[in-house]
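Peer 1: Make a model of this:
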Amino acid sequence: MFEKYLKCYTCGNTFPVNQPIFRCEGCNGSLEVEFDYNKLKRYLKSHNISKRRFGHLRYKELYPVKIPLHAGEGGTPLVRSHNLKKLLGLRFHLWFKLEYQNPTGSFKDRGSSVEIAKMLEFMKSGKQKIRAAVCASTGNMGASVAAYSGIANIICNIITPHDAAPIKLEQILAHGARVFRIRGDYTKAAQLVEQTHKKQGLYLLGDYLYRREGTKSVGFEIAEQLPSTDYVFSPAGNGTLVSAIWKAFKEFRILGFSKKMPRLIGIQSSGCNPMVKAFKNKQKGIKPVKGKTLAVAIECGDPLDGDRALDSIKESGGLLEDVTDRQILKARELLSENEGIFPEPAGAASLAGLIKTKNRIPDNSNVICLVTGHGLKVPYAGVKGKTKDLPRNQTLHKL
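Peer 2: Below you'll find the predicted structure:
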C-alpha cells in the first residue's frame with residue numbers, strides 16, 4: 001500500500017514491488033523495500049496506532065503486505081533484571097526482551113507473518129503459480145515457516161544442515177512440513193534452496209526482504225516499551241534481526257514516533273564469526289567462513305544480511321563481539337538460575353556478550369538483551385547437575 005519499489009543494497013538497482021523477486025537480478029545482492037514515508041506519515045496521522053492492541057499487528061501499515069498472517073506473534077514482554085544486575089556488579093540498568101514467547105518459541109514468527117502473507121498475495125495476483133515454498137533453516141525459522149505455512153494452507157519444504165537439533169526437526173515435522181537434511185552446513189542448505197527456487201519455481205522463504213520487514217516489529221516494540229533505550233544486545237547469525245531493528249528505529253524517527261536511536265551490539269560465537277572478523281579487521285565486505293558452534297541458530301558462515309547488519313551496527317555507533325560456546329552456556333545458566341529465563345544457547349549469546357563488554361557501557365545506561373529462542377528447543381546443551389532417584393515409597397523428610 002505504501003511501498004514504492006525494491007532497491008538493491010549493493011548496486012542500487014530498483015525493481016517493481018509487484019513481482020516475486022528476492023535477490024538483485026543484476027548482482028545477486030540483498031534487496032530492501034522502499035516506502036513512501038511522506039504518504040505513510042499523512043495516513044498515520046488519522047490512524048492512531050497507540051490506541052491499538054500492543055503487538056505485531058499494531059504496525060501493520062509499516063509492512064509491505066495488505067493483511068499479515070496472525071497467530072499471536074509479537075507483544076513480547078520486556079522484563080527488568082531481578083538478580084543479575086547485582087550479581088554481575090553492573091552499574092547500568094538491564095532488561096530482557098523475551099522473544100521466545102512468540103507462538104513457535106522464537107522471534108522468527110514476526111518475519112513469517114509477513115513473508116508468507118506476501119506469498120499469498122503473489123498467488124492471488126497470479127505472480128506465484130506453485131502453491132509450495134522452500135526454505136533453509138537450522139531449526140527455528142523452519143518451525144516458524146512450517147507453522148505459518150499450515151495456516152496459509154501451502155506446501156512447505158525445509159532444507160536443514162546436518163547439525164540441526166533433532167528436537168527442532170520434530171517441531172518442523174509436527175507442523176506438517178517436509179524436511180530434507182543435507183550433508184553440509186547452513187550455507188550449503190541456503191545455496192541448495194535458491195537453486196531449487198530457480199529450477200522448480202517454489203516460493204523462496206528465509207532471511208530475505210519480506211522477513212526483514214516483518215522482523216522490524218521487534219524494534220518498534222522496544223521503541224515504545226523503553227524509549228530511553230541506550231543499547232540493544234542481539235545474537236547475530238544471518239544479520240536479519242540486527243538490520244531489521246535498525247530499520248525500525250530509523251522509520252520511527254522519520255515518522256515522528258521516536259527520536260532516540262540506541263547503539264546496536266551484535267554477538268556471534270567465536271566458532272562462527274564472519275561479521276565480527278569484518279568489523280574488527282575493518283573489512284569492506286564479509287568473507288565467508290566455515291564454522292561450528294553449539295549455538296546452531298547463529299551458525300551462519302556466509303550471512304545473507306551480513307553487510308547490511310555490519311553497516312547498521314556501524315551507523316548506530318555500536319559494535320560486534322564474539323563469545324565462546326563456554327561463555328554462552330554460562331550465560332544460559334545465569335539466566336535460568338537467576339532470572340527464570342530459559343533460552344536456547346543462541347538466545348543466551350546476547351547476555352554472554354554483555355558480560356564480556358560490560359566495562360564499556362556507561363553508568364546508568366538502559367541496556368536490553370534479546371532472548372531470541374526458547375531453551376526447550378535445545379534443552380540438553382550444557383545442562384549441569386543430575387537427577388537423583390528415590391527408593392520406592394520413600395518421601396522427602398529432609399533436604
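Peer 1: Every contact and neighbour count from this point should use C-alpha atoms.
Peer 2: Noted.
Peer 1: I figured residue 304 was touching residue 238, is that so?
Peer 2: Yes. Using C-alpha atoms under 8 Å, residue 304 is in contact with residue 238, at 5.4 Å.
Peer 1: so what sits against both of those two?
Peer 2: Common neighbours of residue 304 and residue 238 are listed as residue 207 (criterion: C-alpha atoms under 8 Å, 6 or more residues apart in numbering).
Peer 1: Among the two, which residue is more densely surrounded?
Peer 2: residue 238 (24 against 20; other C-alpha atoms under 10 Å).
Peer 1: Do I have it right that that one meets residue 296?
Peer 2: No. Using C-alpha under 8 Å, residue 238 makes no contact with residue 296, being 11.8 Å away.
Peer 1: What segments of the stretch 1-150 of the chain are helices?
Peer 2: For the stretch 1-150 of the chain, helices defined by DSSP state H, counting those that start in this stretch occupy the ranges 37-45, 84-87, 108-125, 140-152.
Peer 1: Contacts for the last one next, please.
Peer 2: The one in question is helix 140-152. Outside helix 140-152, the residues that touch it by C-alpha under 8 Å, 6+ apart are 69, 71, 104-106, 108-109, 112-113, 116-117, 120, 135-136, 155-156, 158, 168-169, 171-173, 175-177, 205-206, 297, 373.
Peer 1: State the phi and psi torsions of the residue nearest the centre of the chain.
Peer 2: Closest residue to the average C-alpha location of the chain: residue 241 at 4.0 Å, with C-alpha atoms, centre = their mean. For residue 241, the backbone dihedrals (degrees, to the nearest 10) come out as phi -60, psi -50.
Peer 1: Number of residues surrounding the closest residue in space to it that isn't next to it in sequence?
Peer 2: What sits nearest to residue 241 in space, not counting adjacent residues and going by C-alpha to C-alpha, 6 or more residues apart in numbering, is residue 215, at 6.4 Å. Neighbour count for residue 215, taken as other C-alpha under 10 Å: 30.
Peer 1: does residue 215 really touch residue 245, like I thought?
Peer 2: Yes. Here residue 215 reaches residue 245: they are 7.4 Å apart, a contact under C-alpha under 8 Å.
Peer 1: Ok, which of the helices of the stretch 1-150 of the chain comes nearest residue 274?
Peer 2: Closest to residue 274 of the helices of the stretch 1-150 of the chain, according to C-alpha to C-alpha: helix 140-152, at 20.6 Å.
Peer 1: Now do the same contact list for the closest residue in space to residue 49 that isn't next to it in sequence.
Peer 2: Once flanking residues are discounted, residue 49 sits nearest to residue 58: 6.2 Å by C-alpha to C-alpha, 6+ apart. Residues near residue 58 by C-alpha under 8 Å, 6+ apart: 49-50, 52.
Peer 1: Redo these as TSV? Include neighbour count, distance to residue 281 and pLDDT.
Peer 2: Converted to TSV, these look like this (neighbours: other C-alpha atoms under 10 Å; distance: C-alpha to C-alpha, whole Å; pLDDT from 0 to 100):
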residue	neighbour count	distance to residue 281	pLDDT
49	15	43	92
50	10	43	91
52	11	45	95
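Peer 1: Would you format those as TSV with distance to residue 15 included?
Peer 2: Listed next are these as TSV, based on distance: C-alpha to C-alpha, whole Å:
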residue	distance to residue 15
49	30
50	33
52	33
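Peer 1: what are the ranges of the strands in the stretch 51-200 of the chain?
Peer 2: Here the stretch 51-200 of the chain has its strands, by DSSP state E, counting those that start in this stretch, at 78-80, 93-98, 132-136, 155-160, 178-181.
Peer 1: Much appreciated, bye for now.
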